[in-house]
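A.B. asks: Need a 3D model of the sequence below.
(one chain, ligands or ions: 1)
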Amino acid sequence: MTVPQEQCQSSAQDVPHLDIDPFSDDFLSMPYPYHAQMRDAGPIVWLDRYGLWASARHEEVKAALNDWDRFSSAAGVGLANFRTEKPFRPPSLILEVDPPQHTRSRAVLARILSPKMMQQVRAEFERQADILIDALVEKREIDGIKDLAARYPLRVFPDAVGLSDEGRENLLLYGDMVFNSFGPHNAIFARSVERYGPVSSWIMDKCRREQLRPDGFGDLIYQAADRGEITYEEAPLLVRSFLSAGVDTTVNGLGNSLYCMAAFPEQYAKLVATPALARPAFEEVLRFESPVQTFFRTTIKPVEFAGVQMKENDKVLLFLAGANRDERQWKSPDVFDIERKPTGHMAFGSGIHGCVGQAVARLEGEVILTALAKKVKRIESTGEPVRRLNNTLRAFGSLPMRFIPH
Ligand code: OW7
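C.D. replies: Next up, the predicted model:
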(Lines give C-alpha, C1' and ligand atoms only; values in the text may rest on other atoms or scores of the structure.)
Protein backbone atom coordinates (compact mmCIF):
# COMPACT_ATOMS: atom_id res chain seq x y z
CA MET A 1 0.00 0.00 0.00
CA THR A 2 1.52 3.32 -1.01
CA VAL A 3 0.33 6.88 -0.68
CA PRO A 4 1.14 10.12 -2.50
CA GLN A 5 4.16 12.03 -1.30
CA GLU A 6 2.38 14.98 0.28
CA GLN A 7 0.73 12.58 2.72
CA CYS A 8 3.63 10.33 3.54
CA GLN A 9 6.36 12.95 3.33
CA SER A 10 8.45 10.88 0.96
CA SER A 11 9.90 12.78 -1.94
CA ALA A 12 12.30 10.19 -3.34
CA GLN A 13 9.76 7.39 -3.59
CA ASP A 14 6.47 6.16 -2.28
CA VAL A 15 6.85 4.64 1.15
CA PRO A 16 4.66 1.75 2.30
CA HIS A 17 1.92 2.88 4.69
CA LEU A 18 0.78 0.35 7.28
CA ASP A 19 -2.11 0.75 9.69
CA ILE A 20 -0.87 -1.68 12.33
CA ASP A 21 -0.67 -0.54 15.97
CA PRO A 22 2.59 -1.79 17.52
CA PHE A 23 1.22 -1.02 21.01
CA SER A 24 -2.04 -2.95 20.69
CA ASP A 25 -2.61 -6.05 22.85
CA ASP A 26 -2.67 -8.11 19.67
CA PHE A 27 0.71 -6.87 18.42
CA LEU A 28 2.39 -7.05 21.83
CA SER A 29 1.10 -10.60 22.39
CA MET A 30 2.65 -11.85 19.13
CA PRO A 31 4.85 -9.22 17.46
CA TYR A 32 6.86 -11.40 15.10
CA PRO A 33 4.39 -11.73 12.16
CA TYR A 34 3.96 -7.93 12.26
CA HIS A 35 7.73 -7.44 12.23
CA ALA A 36 7.89 -9.68 9.14
CA GLN A 37 5.10 -7.67 7.50
CA MET A 38 7.02 -4.43 8.09
CA ARG A 39 10.34 -5.87 6.93
CA ASP A 40 8.76 -7.23 3.77
CA ALA A 41 7.02 -3.93 3.03
CA GLY A 42 10.35 -2.09 2.89
CA PRO A 43 13.42 -0.85 4.76
CA ILE A 44 11.35 2.01 6.19
CA VAL A 45 7.56 2.11 6.55
CA TRP A 46 5.14 4.81 7.65
CA LEU A 47 2.77 3.89 10.49
CA ASP A 48 -0.46 5.86 9.94
CA ARG A 49 -1.77 5.20 13.42
CA TYR A 50 0.89 7.35 15.12
CA GLY A 51 2.25 9.27 12.12
CA LEU A 52 5.83 8.06 12.31
CA TRP A 53 8.53 6.16 10.48
CA ALA A 54 9.46 2.64 11.49
CA SER A 55 11.99 -0.04 10.59
CA ALA A 56 12.15 -3.71 11.54
CA ARG A 57 15.19 -4.52 9.38
CA HIS A 58 18.63 -5.14 10.87
CA GLU A 59 20.58 -2.91 8.48
CA GLU A 60 18.42 0.18 8.99
CA VAL A 61 17.88 -0.29 12.74
CA LYS A 62 21.64 -0.54 13.24
CA ALA A 63 22.38 2.37 10.89
CA ALA A 64 19.87 4.68 12.62
CA LEU A 65 21.19 3.78 16.09
CA ASN A 66 24.71 4.61 14.92
CA ASP A 67 23.63 7.97 13.45
CA TRP A 68 23.04 9.89 16.70
CA ASP A 69 23.80 13.22 15.09
CA ARG A 70 20.66 13.00 12.93
CA PHE A 71 18.60 10.55 15.01
CA SER A 72 18.58 12.22 18.40
CA SER A 73 17.77 10.75 21.81
CA ALA A 74 17.34 14.16 23.50
CA ALA A 75 13.74 14.50 22.28
CA GLY A 76 12.95 11.24 24.09
CA VAL A 77 13.38 7.61 23.04
CA GLY A 78 9.65 6.92 23.28
CA LEU A 79 6.68 8.13 21.30
CA ALA A 80 6.51 11.46 23.18
CA ASN A 81 8.51 14.28 21.61
CA PHE A 82 10.12 16.16 24.50
CA ARG A 83 10.41 19.23 22.25
CA THR A 84 6.61 19.54 22.27
CA GLU A 85 5.38 17.35 25.15
CA LYS A 86 6.27 17.40 28.83
CA PRO A 87 8.30 14.30 29.76
CA PHE A 88 6.57 12.09 32.36
CA ARG A 89 9.67 12.41 34.59
CA PRO A 90 12.82 14.56 34.43
CA PRO A 91 14.74 13.15 31.44
CA SER A 92 17.46 10.58 32.05
CA LEU A 93 20.97 12.08 31.90
CA ILE A 94 22.23 9.16 29.82
CA LEU A 95 19.30 7.67 27.89
CA GLU A 96 17.53 10.87 26.89
CA VAL A 97 20.46 13.15 26.01
CA ASP A 98 22.92 13.57 23.13
CA PRO A 99 26.63 14.36 23.23
CA PRO A 100 28.30 16.20 24.89
CA GLN A 101 26.13 15.65 28.02
CA HIS A 102 25.78 11.98 27.11
CA THR A 103 29.54 11.52 26.85
CA ARG A 104 30.15 12.74 30.42
CA SER A 105 27.41 10.63 31.98
CA ARG A 106 28.35 7.59 29.96
CA ALA A 107 32.00 7.71 31.02
CA VAL A 108 31.00 7.58 34.70
CA LEU A 109 28.47 4.75 34.34
CA ALA A 110 30.70 2.76 31.96
CA ARG A 111 33.53 2.66 34.50
CA ILE A 112 31.18 1.53 37.30
CA LEU A 113 29.66 -1.22 35.13
CA SER A 114 32.92 -2.28 33.48
CA PRO A 115 34.07 -5.90 32.95
CA LYS A 116 36.75 -5.23 35.58
CA MET A 117 34.07 -4.33 38.14
CA MET A 118 32.20 -7.51 37.20
CA GLN A 119 35.20 -9.56 38.40
CA GLN A 120 34.62 -8.05 41.83
CA VAL A 121 30.93 -8.91 42.04
CA ARG A 122 31.01 -12.24 40.15
CA ALA A 123 31.63 -14.47 43.19
CA GLU A 124 28.62 -13.00 45.03
CA PHE A 125 26.38 -13.23 41.93
CA GLU A 126 27.39 -16.91 41.57
CA ARG A 127 26.81 -17.62 45.26
CA GLN A 128 23.32 -16.10 45.16
CA ALA A 129 22.47 -18.05 41.98
CA ASP A 130 23.52 -21.32 43.63
CA ILE A 131 21.50 -20.57 46.79
CA LEU A 132 18.38 -19.70 44.82
CA ILE A 133 18.49 -22.60 42.37
CA ASP A 134 19.15 -25.08 45.23
CA ALA A 135 16.03 -23.80 47.01
CA LEU A 136 13.93 -24.02 43.83
CA VAL A 137 15.08 -27.57 43.06
CA GLU A 138 13.90 -28.45 46.55
CA LYS A 139 10.55 -26.73 45.93
CA ARG A 140 10.26 -28.40 42.52
CA GLU A 141 6.98 -26.76 41.40
CA ILE A 142 7.72 -23.10 40.86
CA ASP A 143 6.66 -19.95 39.11
CA GLY A 144 9.61 -19.08 36.89
CA ILE A 145 8.85 -15.36 37.12
CA LYS A 146 7.92 -14.80 40.77
CA ASP A 147 10.32 -17.38 42.22
CA LEU A 148 13.33 -16.90 39.94
CA ALA A 149 13.33 -14.28 37.16
CA ALA A 150 12.09 -11.48 39.44
CA ARG A 151 13.70 -12.69 42.66
CA TYR A 152 17.28 -13.06 41.48
CA PRO A 153 17.85 -9.58 39.97
CA LEU A 154 16.02 -8.02 42.94
CA ARG A 155 18.56 -9.71 45.20
CA VAL A 156 21.88 -9.17 43.41
CA PHE A 157 21.51 -5.88 41.54
CA PRO A 158 20.18 -3.58 44.31
CA ASP A 159 22.78 -5.24 46.59
CA ALA A 160 25.50 -4.22 44.13
CA VAL A 161 24.05 -0.71 43.85
CA GLY A 162 24.06 -0.55 47.65
CA LEU A 163 20.34 -0.28 48.40
CA SER A 164 18.72 -1.52 51.60
CA ASP A 165 16.23 -4.43 51.44
CA GLU A 166 13.16 -2.35 52.28
CA GLY A 167 10.60 -1.95 49.50
CA ARG A 168 12.60 -3.46 46.65
CA GLU A 169 9.43 -4.68 44.88
CA ASN A 170 8.89 -0.99 44.06
CA LEU A 171 11.69 -1.37 41.52
CA LEU A 172 9.49 -3.74 39.49
CA LEU A 173 6.57 -1.29 39.50
CA TYR A 174 8.91 1.54 38.55
CA GLY A 175 10.50 -0.41 35.67
CA ASP A 176 7.06 -1.41 34.38
CA MET A 177 6.02 2.25 34.43
CA VAL A 178 9.19 3.59 32.78
CA PHE A 179 9.06 1.07 29.93
CA ASN A 180 5.34 1.63 29.42
CA SER A 181 5.96 5.37 29.26
CA PHE A 182 7.95 4.95 26.02
CA GLY A 183 4.70 3.97 24.28
CA PRO A 184 1.38 5.79 23.79
CA HIS A 185 -0.99 6.67 26.62
CA ASN A 186 -2.99 3.49 26.03
CA ALA A 187 -4.81 1.24 28.51
CA ILE A 188 -1.59 -0.65 29.31
CA PHE A 189 0.09 2.61 30.33
CA ALA A 190 -2.98 3.71 32.32
CA ARG A 191 -2.99 0.49 34.37
CA SER A 192 0.68 1.00 35.11
CA VAL A 193 0.03 4.59 36.26
CA GLU A 194 -2.65 3.35 38.70
CA ARG A 195 -0.14 1.08 40.44
CA TYR A 196 2.57 3.74 40.32
CA GLY A 197 1.37 6.01 43.18
CA PRO A 198 4.09 6.67 45.76
CA VAL A 199 6.79 4.74 43.88
CA SER A 200 8.31 7.80 42.20
CA SER A 201 9.14 9.55 45.49
CA TRP A 202 10.40 6.25 46.96
CA ILE A 203 12.76 5.90 43.99
CA MET A 204 14.13 9.44 44.26
CA ASP A 205 14.66 9.00 48.01
CA LYS A 206 16.71 5.85 47.34
CA CYS A 207 18.93 7.85 44.97
CA ARG A 208 20.25 10.00 47.85
CA ARG A 209 23.81 9.35 48.98
CA GLU A 210 22.76 8.66 52.58
CA GLN A 211 20.67 5.73 51.34
CA LEU A 212 23.55 4.08 49.48
CA ARG A 213 26.15 1.73 51.01
CA PRO A 214 29.72 3.06 50.74
CA ASP A 215 31.50 1.75 47.61
CA GLY A 216 28.38 0.26 46.01
CA PHE A 217 27.60 1.24 42.38
CA GLY A 218 25.38 4.09 43.62
CA ASP A 219 28.01 5.52 45.97
CA LEU A 220 30.60 5.28 43.18
CA ILE A 221 28.50 7.80 41.23
CA TYR A 222 28.75 10.23 44.16
CA GLN A 223 32.52 9.55 44.30
CA ALA A 224 32.68 10.63 40.64
CA ALA A 225 30.94 13.84 41.72
CA ASP A 226 33.54 14.23 44.52
CA ARG A 227 36.21 14.12 41.77
CA GLY A 228 34.35 16.72 39.71
CA GLU A 229 33.53 14.38 36.80
CA ILE A 230 29.83 15.16 37.21
CA THR A 231 27.94 17.59 39.45
CA TYR A 232 26.21 16.71 42.74
CA GLU A 233 22.91 17.65 41.06
CA GLU A 234 23.51 15.02 38.36
CA ALA A 235 24.44 12.20 40.74
CA PRO A 236 20.94 11.18 41.99
CA LEU A 237 19.57 11.15 38.44
CA LEU A 238 22.37 8.82 37.34
CA VAL A 239 21.58 6.52 40.28
CA ARG A 240 17.98 6.64 39.05
CA SER A 241 19.18 5.22 35.71
CA PHE A 242 20.47 2.11 37.56
CA LEU A 243 17.09 1.70 39.22
CA SER A 244 15.17 2.33 35.97
CA ALA A 245 17.13 0.17 33.58
CA GLY A 246 18.77 -2.42 35.80
CA VAL A 247 15.91 -4.58 37.06
CA ASP A 248 12.95 -5.07 34.73
CA THR A 249 15.32 -5.65 31.78
CA THR A 250 17.21 -8.51 33.43
CA VAL A 251 14.02 -9.88 35.05
CA ASN A 252 12.70 -10.37 31.54
CA GLY A 253 16.03 -11.57 30.16
CA LEU A 254 15.92 -14.35 32.75
CA GLY A 255 12.17 -14.92 32.36
CA ASN A 256 12.52 -15.24 28.60
CA SER A 257 15.46 -17.61 29.16
CA LEU A 258 13.28 -19.90 31.30
CA TYR A 259 10.48 -19.70 28.75
CA CYS A 260 12.86 -20.72 25.94
CA MET A 261 14.41 -23.55 27.95
CA ALA A 262 10.97 -24.98 28.76
CA ALA A 263 9.68 -24.50 25.20
CA PHE A 264 12.77 -26.03 23.51
CA PRO A 265 13.84 -28.97 25.72
CA GLU A 266 16.39 -30.19 23.15
CA GLN A 267 18.17 -26.85 23.50
CA TYR A 268 18.10 -27.10 27.28
CA ALA A 269 19.57 -30.62 26.97
CA LYS A 270 22.51 -29.14 25.04
CA LEU A 271 23.07 -26.64 27.86
CA VAL A 272 22.97 -29.40 30.49
CA ALA A 273 25.49 -31.42 28.48
CA THR A 274 27.74 -28.37 28.05
CA PRO A 275 27.22 -25.76 30.81
CA ALA A 276 29.89 -23.59 29.14
CA LEU A 277 27.16 -22.75 26.59
CA ALA A 278 25.46 -20.60 29.27
CA ARG A 279 26.80 -17.32 27.87
CA PRO A 280 26.03 -17.93 24.18
CA ALA A 281 22.66 -19.42 25.20
CA PHE A 282 21.75 -16.18 26.98
CA GLU A 283 22.78 -14.18 23.88
CA GLU A 284 20.48 -16.34 21.76
CA VAL A 285 17.60 -15.71 24.20
CA LEU A 286 18.27 -11.97 23.85
CA ARG A 287 18.14 -12.26 20.06
CA PHE A 288 15.12 -14.57 19.96
CA GLU A 289 12.97 -12.92 22.68
CA SER A 290 14.52 -9.47 23.15
CA PRO A 291 13.44 -8.01 26.53
CA VAL A 292 13.58 -4.45 25.13
CA GLN A 293 11.64 -4.68 21.87
CA THR A 294 11.76 -1.09 20.63
CA PHE A 295 13.26 2.35 20.98
CA PHE A 296 12.49 5.58 19.15
CA ARG A 297 14.71 8.31 17.82
CA THR A 298 13.76 11.83 16.64
CA THR A 299 15.18 13.57 13.57
CA ILE A 300 16.75 16.90 14.55
CA LYS A 301 17.31 17.99 10.97
CA PRO A 302 15.86 16.98 7.60
CA VAL A 303 17.21 13.51 6.88
CA GLU A 304 17.49 11.33 3.81
CA PHE A 305 17.65 7.78 5.08
CA ALA A 306 17.24 4.49 3.19
CA GLY A 307 15.91 6.44 0.23
CA VAL A 308 13.29 8.22 2.34
CA GLN A 309 13.11 11.96 2.91
CA MET A 310 12.28 12.68 6.57
CA LYS A 311 11.49 16.10 7.99
CA GLU A 312 12.95 17.62 11.14
CA ASN A 313 11.12 16.44 14.29
CA ASP A 314 9.90 13.15 12.87
CA LYS A 315 9.74 10.17 15.21
CA VAL A 316 11.37 6.93 14.04
CA LEU A 317 10.40 3.65 15.70
CA LEU A 318 13.20 1.09 15.65
CA PHE A 319 12.22 -2.55 16.19
CA LEU A 320 15.29 -4.05 17.88
CA ALA A 321 13.43 -7.34 18.12
CA GLY A 322 12.51 -7.15 14.43
CA ALA A 323 16.16 -6.62 13.49
CA ASN A 324 16.95 -9.70 15.58
CA ARG A 325 14.70 -11.88 13.39
CA ASP A 326 15.56 -10.34 10.01
CA GLU A 327 16.15 -13.13 7.49
CA ARG A 328 18.42 -10.70 5.61
CA GLN A 329 20.77 -10.91 8.60
CA TRP A 330 20.22 -14.33 10.19
CA LYS A 331 19.94 -17.88 8.91
CA SER A 332 16.57 -19.35 10.03
CA PRO A 333 15.93 -16.44 12.44
CA ASP A 334 12.79 -18.05 13.89
CA VAL A 335 14.81 -21.06 15.08
CA PHE A 336 16.12 -20.89 18.67
CA ASP A 337 19.61 -22.41 18.71
CA ILE A 338 21.86 -21.86 21.73
CA GLU A 339 24.93 -22.68 19.60
CA ARG A 340 24.22 -19.88 17.13
CA LYS A 341 26.42 -17.24 18.87
CA PRO A 342 24.41 -14.31 17.45
CA THR A 343 27.05 -11.59 17.35
CA GLY A 344 25.58 -8.30 16.16
CA HIS A 345 22.11 -8.74 17.68
CA MET A 346 20.35 -5.47 18.55
CA ALA A 347 18.93 -6.46 21.96
CA PHE A 348 21.44 -4.14 23.67
CA GLY A 349 21.05 -1.50 20.97
CA SER A 350 24.13 -0.27 19.10
CA GLY A 351 26.37 2.79 18.95
CA ILE A 352 26.94 5.40 21.65
CA HIS A 353 23.72 4.45 23.50
CA GLY A 354 24.40 0.69 23.39
CA CYS A 355 23.50 -0.81 26.78
CA VAL A 356 26.02 0.44 29.34
CA GLY A 357 24.92 -2.31 31.76
CA GLN A 358 25.37 -5.21 29.39
CA ALA A 359 28.20 -6.76 31.42
CA VAL A 360 25.88 -6.97 34.45
CA ALA A 361 23.03 -8.42 32.36
CA ARG A 362 25.34 -11.03 30.81
CA LEU A 363 26.77 -11.95 34.20
CA GLU A 364 23.27 -12.54 35.62
CA GLY A 365 22.26 -14.61 32.59
CA GLU A 366 25.45 -16.64 32.66
CA VAL A 367 25.42 -17.52 36.35
CA ILE A 368 21.72 -18.44 36.41
CA LEU A 369 21.93 -20.61 33.28
CA THR A 370 25.13 -22.23 34.62
CA ALA A 371 23.52 -23.02 37.99
CA LEU A 372 20.46 -24.45 36.20
CA ALA A 373 22.58 -26.63 33.92
CA LYS A 374 24.47 -28.04 36.89
CA LYS A 375 21.50 -28.63 39.19
CA VAL A 376 18.39 -29.12 37.01
CA LYS A 377 18.19 -32.06 34.62
CA ARG A 378 14.91 -31.03 33.01
CA ILE A 379 12.60 -28.01 33.02
CA GLU A 380 8.95 -28.87 32.37
CA SER A 381 6.20 -26.41 31.69
CA THR A 382 3.25 -27.18 34.02
CA GLY A 383 0.75 -24.59 32.78
CA GLU A 384 0.10 -21.90 30.24
CA PRO A 385 2.64 -19.06 30.34
CA VAL A 386 0.86 -15.78 31.19
CA ARG A 387 2.07 -12.66 29.40
CA ARG A 388 2.51 -9.30 31.08
CA LEU A 389 1.90 -6.81 28.29
CA ASN A 390 4.18 -3.78 28.33
CA ASN A 391 4.61 -1.09 25.65
CA THR A 392 8.35 -1.80 25.40
CA LEU A 393 9.20 -5.02 27.20
CA ARG A 394 8.58 -8.60 26.13
CA ALA A 395 7.52 -9.95 29.48
CA PHE A 396 5.75 -12.75 31.30
CA GLY A 397 3.63 -12.38 34.41
CA SER A 398 3.79 -16.05 35.25
CA LEU A 399 5.63 -19.18 34.03
CA PRO A 400 4.43 -22.30 35.87
CA MET A 401 7.17 -24.91 35.70
CA ARG A 402 8.80 -27.91 37.35
CA PHE A 403 12.53 -28.30 38.02
CA ILE A 404 13.64 -31.95 37.91
CA PRO A 405 17.05 -32.39 39.57
CA HIS A 406 19.92 -34.54 38.30
C1 OW7 B 1 17.35 5.62 32.36
C2 OW7 B 1 17.29 -0.30 28.74
C3 OW7 B 1 17.41 1.08 28.32
C4 OW7 B 1 17.09 2.67 30.06
C5 OW7 B 1 15.77 2.31 30.20
C6 OW7 B 1 14.97 3.03 31.06
C7 OW7 B 1 15.50 4.10 31.77
C8 OW7 B 1 16.81 4.46 31.62
C9 OW7 B 1 17.61 3.73 30.76
O10 OW7 B 1 17.93 1.98 29.26
O11 OW7 B 1 16.67 6.15 33.21
O12 OW7 B 1 18.49 6.02 32.11
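A.B. asks: For residue 393, grab phi and psi.
C.D. replies: phi -90, psi 140 (degrees, to the nearest 10).
A.B. asks: Quick one: residues contacting the closest residue to it other than its chain neighbours.
C.D. replies: Closest residue to residue 393 apart from its sequence neighbours, by Cβ to Cβ, 6 or more residues apart in numbering: residue 179 at 4.8 Å. Placement of C-beta: from N, CA and C, glycine included. Shown in contact with residue 179 (Cβ atoms under 8 Å, 6 or more residues apart in numbering): 248, 292, 390, 391, 392, 393.
A.B. asks: surely the second one meets residue 390?
C.D. replies: Think residue 292. No - in this structure residue 292 lies outside contact range of residue 390 using Cβ atoms under 8 Å: 10.0 Å.
A.B. asks: Residue numbers of the stretch 251-400 of the chain in contact with the ligand?
C.D. replies: Residues of the stretch 251-400 of the chain found near the ligand (Cβ under 6 Å from any ligand atom) are residue 292.
A.B. asks: redo that, cut-off 8 Å
C.D. replies: 292, 295, 349, 355, 357 (Cβ under 8 Å from any ligand atom).
A.B. asks: and the two most separated of the contacts of residue 179?
C.D. replies: Comparing all pairs in those by Cβ to Cβ, the longest separation belongs to 248 and 391, at 12.2 Å.
A.B. asks: More neighbours: these two, which one.
C.D. replies: residue 248 (27 against 23; other Cβ atoms under 10 Å).
A.B. asks: Identify the residues contacting the more buried one.
C.D. replies: 171, 172, 175, 176, 178, 179, 393, 395.
A.B. asks: can you put these in JSON lines and add distance to residue 192?
C.D. replies: Listed next are the contacts of residue 248 as JSON lines, based on distance: Cβ to Cβ, whole Å:
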{"residue": "171", "distance to residue 192": "14"}
{"residue": "172", "distance to residue 192": "11"}
{"residue": "175", "distance to residue 192": "10"}
{"residue": "176", "distance to residue 192": "5"}
{"residue": "178", "distance to residue 192": "9"}
{"residue": "179", "distance to residue 192": "9"}
{"residue": "393", "distance to residue 192": "11"}
{"residue": "395", "distance to residue 192": "12"}
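A.B. asks: so of those, which ones are in helices?
C.D. replies: 171, 172, 175, 176, 178, 179 (DSSP state H).
A.B. asks: I'd assumed residue 240 was in contact with the third one.
C.D. replies: Which is residue 175. No - Residue 175 is beyond contact range of residue 240, at 11.7 Å (criterion: Cβ under 8 Å).
A.B. asks: joint contacts of the two?
C.D. replies: By Cβ under 8 Å, 6+ apart, no residue touches both residue 175 and residue 240.
A.B. asks: Do you know the pLDDT at residue 193?
C.D. replies: pLDDT, residue 193: 91.
A.B. asks: repeat for the one 5 residues further on
C.D. replies: At residue 198, the model reports a pLDDT of 87.
A.B. asks: can you give me the strands for the chain?
C.D. replies: Assigned by DSSP state E, the chain shows strands spanning 17-18, 45-47, 52-55, 71-72, 141-143, 294-299, 303-305, 308-310, 315-319, 376-381, 386-389, 394-398, 400-405.
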